[in-house]
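Student: Sequence and predicted structure are below.
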Amino acid sequence: MMKKNKKLKFWLLGIAAFLIAVVFCLWPTQYYIEAPGEAFQISKYVKSTRKPNPNFYLVTVSERPAVMIDYLTSFFRAGDSRYSKTELMGTSSSAEYNQMQQYYMETSQNNAIYYAAKKAKVPYRQEFLGVYVMEVMKNSTFKNKLKVGDILVSVNDRKFSSSQDLIKYVSSLKHKKVQIAVIRGKKHLTFSGKTVKLSGTNRYGIGIQLVDHTKVVTDPAVKIDAGDIGGPSAGLMFTLECYQLFTGKNLSAKKIAGTGTIDSDGKVGMIGGVDKKVIAASRQGMRVFFAPTDQPEGVKKNETNYAEAVRTAKKIHTKMKIVPVACFEDALNYLEK
């Protein structure tokens, strides 16, 4: 009888230890893991009456909440990085962060269509519809009034043709009362407040971070729908795909990936996670990877996307060629040579 009790006790202890180990491994942490994602054919997301080129790819970075086992094993996986929720999202909630990424993606797509149409010299028209509110600063008098995702359409009943015009007008008001009109879902709302001095500057504003809300109409028509992929980093590759559609040119017969934002003047901007994108692109057999040389203030030359991409390529011994780009024309010239 004692032997049976000992055996039962042993099994119960084993089961308990197993359950504790499982709970420990699956215990949520306060961290997120950023890891190499995937390369996706841009042609799947671009709709037009003309046939898109299937050889251009955007590359993603995987972001996920880390359970304990994922967090611990991430130290042994090439390319994985760990960030606290605050480091990744700031003061935004997960829902607000994801929403902001979608707005950045929308702006990226519109800039891509606009610049590609302009470069290809096809008919186009860009309409400025307002600005998306991306964040409300702590010192803003509109704190707890505005929400992330609100579309600001006018200030003091004045509408604008660009976000630059809006910023210039508000800056000229100094410390004065202002009334702003926003669209929130299907509601049209107005709020009153005062302009505030913006931190680290001598300028005044209403204390928000913003991104343009525009609409671009072209002939032939082009529409981009990237689904749940967010962020602005596919701007360059979207522009290349749209340019091909507008011109009818076939710019590449081999797999081309790349990254970088695009603005309305064709400048390619710096992005995050380029090391992870190089790894993901190499894994999926890309032949060329475009990397931005953009060097914002405070960024050293060896800290640019291009420098990091070159280091990563050497580290993983890829045959994929890393090509530096400062603007759309750099990528286009490389493909046309």
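Tutor: Looks like it came in fine.
Student: you'd agree residue 70 is in a strand?
Tutor: No: according to DSSP: H, G, I helix; E, B strand; the rest coil, residue 70 belongs to no strand; its state is helix.
Student: That one: how many residues sit nearby?
Tutor: 20 (other Cβ atoms under 10 Å). Every residue, glycine included, has its C-beta placed from N, CA and C.
Student: who are the neighbours in contact with it?
Tutor: Counting by Cβ atoms under 8 Å, 6 or more residues apart in numbering, residue 70 touches 33, 64.
Student: That one and residue 49, how far apart?
Tutor: 45 Å (Cβ to Cβ, to the nearest Å).
Student: For the spatially most central residue of the chain, which residues are in contact?
Tutor: Geometric centre of the chain, nearest residue: residue 231, 1.8 Å, by Cα atoms, centre = their mean. By Cβ under 8 Å, 6+ apart, the contact list for residue 231 reads 101, 104, 105, 108, 271.
Student: Backbone torsions only: list them for the residue nearest to residue 184 when sequence neighbours are not counted.
Tutor: Of all residues not flanking residue 184 in the chain, residue 150 sits nearest, at 5.1 Å (Cβ to Cβ, 6 or more residues apart in numbering). The phi/psi pair for residue 150 (degrees, to the nearest 10) reads phi -60, psi 140.
Student: cool, the one 5 residues further on as well?
Tutor: Residue 155 adopts backbone torsions of phi -130, psi 120, taken as degrees, to the nearest 10.
Student: In this structure it contacts residue 167, no?
Tutor: No: contact criterion Cβ atoms under 8 Å: residue 155 and residue 167 do not qualify, at 10.2 Å.
Student: in stretch 217-235, what counts as buried?
Tutor: 218, 222, 224, 226, 229, 230, 231, 232, 233, 234, 235 (16 or more other Cβ atoms under 10 Å).
Student: My guess is the last one contacts residue 260. True?
Tutor: Yes: in this structure residue 235 lies within contact range of residue 260 using Cβ under 8 Å: 6.4 Å.
Student: Which neighbours do the two have in common?
Tutor: Counting by Cβ under 8 Å, 6+ apart, the residues touching both residue 235 and residue 260 are 268, 269.
Student: nearest residue to residue 159 other than its sequence neighbours?
Tutor: Per Cβ to Cβ, 6+ apart, closest to residue 159 is residue 153, 6.7 Å.
Student: Check residue 198 too.
Tutor: That would be residue 205: by Cβ to Cβ, 6+ apart, it lies 5.0 Å from residue 198.
Student: Now do the strands in the stretch 151-300 of the chain.
Tutor: 151-155, 177-184, 187-194, 196-197, 204-205, 208-218, 222-224, 256-258, 261-262, 268-269, 288-292 (DSSP state E, counting those that start in this stretch).
Student: want to try CSV for the ones you listed, with distance to residue 90 as columns?
Tutor: Shown next, in CSV, are those (distance: least, Cβ to Cβ, whole Å):
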stretch, distance to residue 90
strand 151-155, 20
strand 177-184, 21
strand 187-194, 22
strand 196-197, 19
strand 204-205, 18
strand 208-218, 10
strand 222-224, 27
strand 256-258, 27
strand 261-262, 19
strand 268-269, 19
strand 288-292, 23
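Student: Would you mind giving the ones you listed as a markdown table with mean pLDDT and distance to residue 279 added?
Tutor: Below are the strands of the stretch 151-300 of the chain laid out as a markdown table (pLDDT from 0 to 100; distance: least, Cβ to Cβ, whole Å):
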| stretch | mean pLDDT | distance to residue 279 |
| --- | --- | --- |
| strand 151-155 | 92 | 37 |
| strand 177-184 | 92 | 40 |
| strand 187-194 | 92 | 44 |
| strand 196-197 | 86 | 43 |
| strand 204-205 | 86 | 40 |
| strand 208-218 | 88 | 29 |
| strand 222-224 | 93 | 25 |
| strand 256-258 | 97 | 11 |
| strand 261-262 | 96 | 20 |
| strand 268-269 | 96 | 21 |
| strand 288-292 | 98 | 10 |
